[in-house]
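Undergrad: Next one to model:
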Amino acid sequence: MKKLIVLIISIFIGVLVYSKNEEIVIPSDAIRVRVIANSNSIKDLYQKQVVKEEIKENLYNLIKNASSTHEASSIILRNIGDIQKTVSEKVSDFTINYGKNYFPRKVYKKVVYPEGEYESLVITIGSGIGDNWWCVLYPPLCMIEDNSNTSDVEYRFLISDLLNYWHNLTFMLLYKRICKQNLLFVI
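TA: Numbering: from 1, shown residues only. Okay, here's the model as predicted:
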């Protein structure tokens, strides 16, 4: 019983720490990256996740030494063929657009990011009517937090990491079970 109470208190503290409001201000000349799913089916959301994970580190490695937005933009444009190749290894029906693209309003960690046209790399899978993921590519605001090569000290809370791991694992296992039972088109 004591272990259960300690676990519940730990989870509660983890949720409080995890949801702490950290305001991130996106510079006006930032470059964003966005991946849009074909639809909101489990299969399509899984494909979006796979593409996101594949390109995220590749893009970070491309632009991590860029000293300006102009330099980062040039690097992206020079490597657009490699980016297309990487995405084509994961999905067959997609488009890539680099330039001024529309981004919907987003609330993240209690910070509102307004809709608008932003310099960005947008990868649209299929018809692109599903949920999307986006972050700031340059300066690499979202890329740094997931990259283990950074020299910055990163404080993490074990409970929130475990909850994130459990959520991702559950999603992947559910997807594999659905694929195995050929239930994808029933959902």
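Undergrad: Quickly list what Y113 is bridged to.
TA: Beta-bridge pairing for Y113 (DSSP bridges): K106.
Undergrad: any idea how far it is from K64?
TA: As judged by Cβ to Cβ, to the nearest Å, Y113 and K64 stand 23 Å apart. C-betas here are computed from N, CA, C, even on glycine.
Undergrad: Which residue, other than its chain neighbours, is closest to W134?
TA: Once flanking residues are discounted, W134 sits nearest to R34: 3.8 Å by Cβ to Cβ, 6 or more residues apart in numbering.
Undergrad: Just want the phi and psi numbers for that neighbour.
TA: When read as degrees, to the nearest 10, the backbone of R34 gives phi -140, psi 140.
Undergrad: what does S92 give?
TA: Backbone torsions of S92, given as degrees, to the nearest 10, read phi -100, psi -30.
Undergrad: count of residues packed around it?
TA: Neighbourhood size, S92 [other Cβ atoms under 10 Å]: 9.
Undergrad: Need the per-residue pLDDT for it.
TA: pLDDT, S92: 92.
Undergrad: ok, it to S39 distance?
TA: 15 Å.
Undergrad: rewinding a little: contacting residues for the residue nearest to W134?
TA: N101, F103, S120, L121, V122, I123, N132, W133, W134 (Cβ atoms under 8 Å, 6 or more residues apart in numbering).
Undergrad: what's the neighbour count on the last one?
TA: Okay, so that is W134. W134 has 22 neighbours, counted by other Cβ under 10 Å.
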